[in-house]
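1. What follows is a predicted protein model with its sequence.
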Amino acid sequence: MSFRFRWSYLCFIFAKVLLALSPNISHVLSKNVNPLNGKTLMIIPMSALVQYRFNDSAKLKKYMPRTARMQIDIIEWLALRNNFTYAILTTNETTLELPVTRNNKGSMSYLLDGTCDMVVSDLFMTSRRYRVVDMPYPWYQGPARFLIPVPDVRLNFAAVLKPFQFRVWIWLVVSLALVIATFKLIKHYQPPLPSTPDGLVARVSHKPIPYLYVFGLLLSQGGPVISQRKAIRVLAAIWCLAAFVLSQAYNSTLITYVIAPNENPLINSVLDIVNNPNIHLLVEKNMGMDVVISVITFTFTLIVGDQ
């Protein structure tokens, strides 16, 4: 019993010592893990509105531009995450770059000489900035555009034939000839009309013209069928249905070919940028595309860079 009691007593004393030292140990560990813990940082927000009205940001935040609101959120989140206090350093600088003139030092100069500890700004990555400042995202980005001549506007007459393939046009012409020939044959072999006093006038005035009727339906013009013959009416009904389907299919597809450009696209592959002298690549200086073209010595990039 005495051995167990002494062992329990020693464990109790050891636990009390650990509890007494735990705040100091955690403080030392937190300092090693987080070097900003408990420090006061001087911060320069590039937005003048954030610099001069940071204390009123809680009231004015919803009226500020999006970039200004983002700078406030970044500063507050970093202070909460890394447990440091901060002070806003107000400057009259409007640029971030290194000193150019006496009147314009640039906010980056305050960072390099130790006047401030952090500059919060929305900026583009450039090779010059990347040499002197640590960036959260170590890659180059930048827009690129192609400068090409405006194509000449010409009437697209070939669009009239493009909705249907060549074999469809052939079968359409054959169908027209067969329908007209069928009308002629039915008219030729039909029984003669009974003779009446005015029968001759009726036959002349009601004489159908097959080719006008066939082409009229195909062009959506329509036309009456005066003949009372059942065979002619059945043939006319079949041709009405076929002409309706053909005209709708043609008209619905025609508009896509009419508004399509006549000229072939200037860029079909990367090699067209080099081979075509009318294509010029526009990039922003010191941005991602410019850095890639200027640094790499490959033949393709050399030619593009010269253009």
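-> Looks like it came in fine.
2. what ranges do the strands span in the stretch 51-200 of the chain?
-> Remark: strands assigned in the stretch 51-200 of the chain by DSSP state E, counting those that start in this stretch are 85-88, 118-120, 144-147.
3. Most tightly packed of the ones you listed?
-> Neighbour counts (mean count of other C-beta atoms under 10 Å) averaged over each of the strands of the stretch 51-200 of the chain peak at strand 118-120, with a mean of 18. C-beta coordinates here come from the backbone N, C-alpha and C atoms, glycine included.
4. mind putting the strands of the stretch 51-200 of the chain in CSV, mean pLDDT and distance to Pro35 included?
-> CSV is the format used below for the strands of the stretch 51-200 of the chain (pLDDT from 0 to 100; distance: least, C-beta to C-beta, whole Å):
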stretch, mean pLDDT, distance to Pro35
strand 85-88, 86, 15
strand 118-120, 82, 13
strand 144-147, 78, 40
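5. show me the contacts for Leu246.
-> Applying C-beta atoms under 8 Å, 6 or more residues apart in numbering, we find Leu246 in contact with Leu172, Leu218.
6. Would you mind giving the secondary structure of it?
-> Of the three states, Leu246 takes helix under DSSP: H, G, I helix; E, B strand; the rest coil.
7. what's the answer for the one 4 residues further on, then?
-> Secondary structure, three-state DSSP: Tyr250 is helix.
8. between the strands of the stretch 51-200 of the chain, which gets nearest to Asn262?
-> Between Asn262 and the strands of the stretch 51-200 of the chain, the tightest spacing by C-beta to C-beta is seen for strand 144-147, at 19.8 Å.
9. how about the CA coordinates for that closest one, as PDB?
-> C-alpha atoms of strand 144-147 as PDB (Å, rounded to 0.1, in the frame of the first residue of the first chain):
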ATOM      1  CA  ALA A 144      -3.100  38.400 -74.600                       C
ATOM      2  CA  ARG A 145      -5.000  39.600 -77.700                       C
ATOM      3  CA  PHE A 146      -4.700  39.100 -81.400                       C
ATOM      4  CA  LEU A 147      -4.700  42.100 -83.800                       C
END
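10. List of residues touching that strand?
-> So strand 144-147 is contacted by Ile267, Ile273, Ile279, His280, Leu281, Leu282, Val283, Met289 (C-beta under 8 Å, 6+ apart).
11. Turn the strands of the stretch 51-200 of the chain into TSV, columns for distance to Ala260.
-> Formatted as TSV, the strands of the stretch 51-200 of the chain follow (distance: least, C-beta to C-beta, whole Å):
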stretch	distance to Ala260
strand 85-88	58
strand 118-120	50
strand 144-147	20
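12. Buried residues of stretch 263-283, list them for me.
-> When burial is assessed from 16 or more other C-beta atoms under 10 Å, stretch 263-283 yields the following buried residues: Ile273, Val274, Ile279, Leu281, Val283.
13. Skipping its backbone neighbours, what lies nearest the first one in space?
-> By the measure of C-beta to C-beta, 6 or more residues apart in numbering, the closest residue to Ile273 outside its immediate chain neighbours is Ile279, 5.4 Å from it.
14. thought the one you found was touching Ser269?
-> No: in this structure, Ile279 is not within contact of Ser269 by C-beta atoms under 8 Å, at 11.7 Å.
15. ok, how many other residues are close to Trp239?
-> 20 (other C-beta atoms under 10 Å).
16. Figure out the helix or strand that it lives in.
-> Counting by DSSP states H and E, the element that carries Trp239 is helix 230-258.
17. Check the buried residues of stretch 263-283 against Leu78 and report the nearest one.
-> Nearest to Leu78, judged by C-beta to C-beta, of those is Val283 at 33.3 Å.
18. circling back to that earlier point, what pLDDT, on average, does the helix holding Trp239 get?
-> Mean per-residue pLDDT for helix 230-258: 80.
19. What of stretch 121-135?
-> Rounded mean pLDDT across stretch 121-135 is 67.
20. Ok, stretch 47-55 next?
-> Taken as a whole, stretch 47-55 carries a mean pLDDT of 69.
21. still on that earlier bit, mind checking which of the strands of the stretch 51-200 of the chain is nearest Thr67?
-> Set against Thr67 and scored by C-beta to C-beta, these come closest in strand 118-120, at 10.1 Å.
22. Direction included, what does that closest one pair against?
-> Applying DSSP bridges, strand 118-120 is found paired with strand 40-45 (parallel).
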